[in-house]
Structures are given as C-alpha cells and as structure tokens.
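Colleague: pasting the sequence and the predicted coordinates here, then a few questions.
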Amino acid sequence: MKFNIKIPKNLKQAYKNELEQYSYYLVNKQFSNAWYHLERSHIIGQSYPIEHTYSHWLMLKFGLMQKNTKEVLGQLLRLAVGGWKSFINHVPLGNTGGANVPPLKHMPIPDDIKSLF
C-alpha cells in the first residue's frame with residue numbers, strides 16, 4: 001500500500017496558484033470564479049492529506065460565508081474522512097470536492113491539471 005504524505009513540488013506550486021486565484025476572486029466578490037479555483041485546488045491536492053483537508057476547510061468557510069447549508073454539511077462530512085483517504089491513496093480522482101457532487105464520484109480531470117500528474 002502506498003502512503004501519500006508530501007505533495008510533489010510541481011503540484012504544490014500549481015495548488016498554491018489555484019489558491020491565489022481563489023483569494024483574488026473572493027476578495028473581488030467574484031464568487032463563481034473563486035469557487036472554480038477552489039475546486040481546481042481540490043483536484044490537484046486531493047491525493048495529499050494536508051492539501052486535501054485544507055481545500056475542504058476553505059470550502060467549508062466559503063459555504064458558511066454564502067450561508068449554504070448543503071455545502072456546510074457536505075464539507076463537514078468531507079473534512080471527517082477526506083484526509084485519511086488521501087493518506088492511504090484512496091480518493092476519487094478528478095472529484096471537485098463540493099457538496100454538489102457525490103464524495104466518491106470519479107470525474108474527468110481538466111487537461112491542464114492532468115498534464116501535471
């Protein structure tokens with residue numbers, strides 16, 4: 001069994017870039033663009049416990065800010081299980097991480113992200 005602990009440098013940079021874009025759009029109240037980049041950060045970091053958990057933490061905060069009960073409840077569930085599933089390399093690749101998709105659903109990975117792997 002493979003354990004994922006540390007995200008590779010190239011993925012870490014791409015992950016950080018997505019979070020920077022998320023922050024930019026959030027501050028500028030462009031919420032759909034902010035969410036888009038948060039989902040992309042999730043796709044990139046979902047195989048690594050720290051990054052995966054942090055993406056879900058930000059999604060929880062976003063859901064609270066938007067007063068979106070479904071998102072908040074969905075993120076609480078994902079925060080409870082997501083990190084350890086990353087650690088044991090058992091995540092649904094491509095999943096965008098929001099409560100609008102089933103937590104275990106594999107989804108297509110955008111081509112630019114796929115090229116990073």
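Modeller: Looks like it arrived, so ask away. Residues are numbered from 1 along each chain as shown.
Colleague: where are the low-confidence patches of the chain?
Modeller: Residue ranges of the chain with pLDDT under 70: 1-2, 83-84, 87.
Colleague: at 80 instead, please
Modeller: Counting by pLDDT under 80, the chain shows low-confidence ranges at 1-4, 81-90.
Colleague: nearest residue to the residue sitting nearest the centre point of it in space, please, no chain neighbours.
Modeller: Residue closest to the mean C-alpha point of the chain, counted by C-alpha atoms, centre = their mean, is H42 at 1.8 Å. Distances taken as C-beta to C-beta, 6 or more residues apart in numbering put G97 closest to H42, at 3.4 Å, once the chain neighbours are dropped. (Glycine included, C-beta is placed from N, CA and C.)
Colleague: and the one you found, backbone torsions?
Modeller: The phi/psi pair for G97 (degrees, to the nearest 10) reads phi 90, psi -10.
Colleague: what residues are up against it?
Modeller: Contact analysis of G97 by C-beta atoms under 8 Å, 6 or more residues apart in numbering lists L38, E39, H42, I43, Q46, S55, H56, M59, R78.
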